[in-house]
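Peer 1: The following comprises the amino acid sequence and a computationally predicted model.
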Amino acid sequence: MPNSFYGLPLHPLIVHATVVMIPLAALTVLLSVLWPRFRAWAGPLPVGLSLIGVILVPLSTSTGETLERHVPQTALLREHTHMADGLLPWMIALFVISAASYWMQRRSTTGTSFAKPLAAAVTVLALAAVIGTTVQVARIGHSGAKAAWATTNMSG
């Protein structure tokens, strides 16, 4: 993976896309499982945004690993990289739940005996994935900012 794009480190550029797309995916998944009117309007949008998030996570970690070789190793940086490794499972869960929710909507199983319990289970799992993903992104971003600013302040 290249380390820069026109002289700018690639990691912060990709991370900013990740920090926007993942909460947006989480919000659309949340709205789609809780609000039928939004679900009908959004269609596959939550699934698509979640898929983009799944793709962005490895890109973010890959560019982060490349950047990591060029910056001083600190405890804050180690904490940040350790936390970042935990995001992909949350994002995969969000994607799978959004796909299951969309499948259920398209299948329209409202008349079957298992429809309500299945919809409730998907909603609970979606809430867990939304909360886990959002909290993890915030924690990773905060630790990354602390690591970046501590490194910047040490050199300046």
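Peer 2: Arrived safely.

Peer 1: Every contact and neighbour count from this point should use C-alpha atoms.
Peer 2: OK.

Peer 1: which SSE is the nearest residue to Ser32 once chain neighbours are set aside in?
Peer 2: Closest residue to Ser32 apart from its sequence neighbours, by Cα to Cα, 6 or more residues apart in numbering: Arg39 at 4.2 Å. Using DSSP states H and E, Arg39 falls within helix 36-42.

Peer 1: Give me the neighbour count for the residue nearest to Ser32.
Peer 2: 21 (other Cα atoms under 10 Å).

Peer 1: Let me see the contact set for it.
Peer 2: The contact partners of Arg39, taken as Cα atoms under 8 Å, 6 or more residues apart in numbering, are 31-33.

Peer 1: which residues of this structure fall in strands?
Peer 2: Per DSSP state E, the chain carries strands over the ranges 4-5, 8-9.

Peer 1: Report pLDDT for the spatially most central residue of the chain.
Peer 2: By Cα atoms, centre = their mean, the chain has its centre lying nearest to Ile22, at 3.7 Å. According to the predicted model, the pLDDT of Ile22 comes to 97.

Peer 1: distance of it from Pro117?
Peer 2: Between Ile22 and Pro117 the computed distance is 28 Å (Cα to Cα, to the nearest Å).

Peer 1: With Met83 instead?
Peer 2: Going from Met83 to Pro117 by Cα to Cα gives 34 Å.

Peer 1: neighbour-wise, which of these two wins?
Peer 2: The neighbour comparison of Met83 against Pro117 (other Cα under 10 Å) goes to Met83, with 17 against 10.

Peer 1: Look at the residue nearest to the more buried one when sequence neighbours are not counted and say how many residues are nearby.
Peer 2: Excluding its sequence neighbours, the residue lying closest to Met83 (Cα to Cα, 6+ apart) is Ile140, at 5.8 Å. For Ile140, the count of nearby residues is 22 (other Cα under 10 Å).

Peer 1: swap in Phe5?
Peer 2: Neighbours around Phe5, by other Cα under 10 Å: 10.

Peer 1: Next one, pLDDT for it please.
Peer 2: 72.

Peer 1: for Ser155, same thing?
Peer 2: Looking at Ser155, its pLDDT stands at 47.

Peer 1: what's the answer for Phe114, then?
Peer 2: Here, the pLDDT recorded for Phe114 equals 67.

Peer 1: Can I get the helix holding Arg39 in PDB, CA atoms only?
Peer 2: This file holds the C-alpha atoms of helix 36-42, laid out as PDB (Å, rounded to 0.1, in the frame of the first residue of the first chain):
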ATOM      1  CA  PRO A  36     -40.600   1.000   8.600                       C
ATOM      2  CA  ARG A  37     -41.100   4.100   6.500                       C
ATOM      3  CA  PHE A  38     -37.400   4.800   6.400                       C
ATOM      4  CA  ARG A  39     -36.800   1.000   5.600                       C
ATOM      5  CA  ALA A  40     -39.200   1.200   2.700                       C
ATOM      6  CA  TRP A  41     -37.500   4.400   1.400                       C
ATOM      7  CA  ALA A  42     -33.900   3.300   1.900                       C
END
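
Peer 1: Right, I'll call it a day here.
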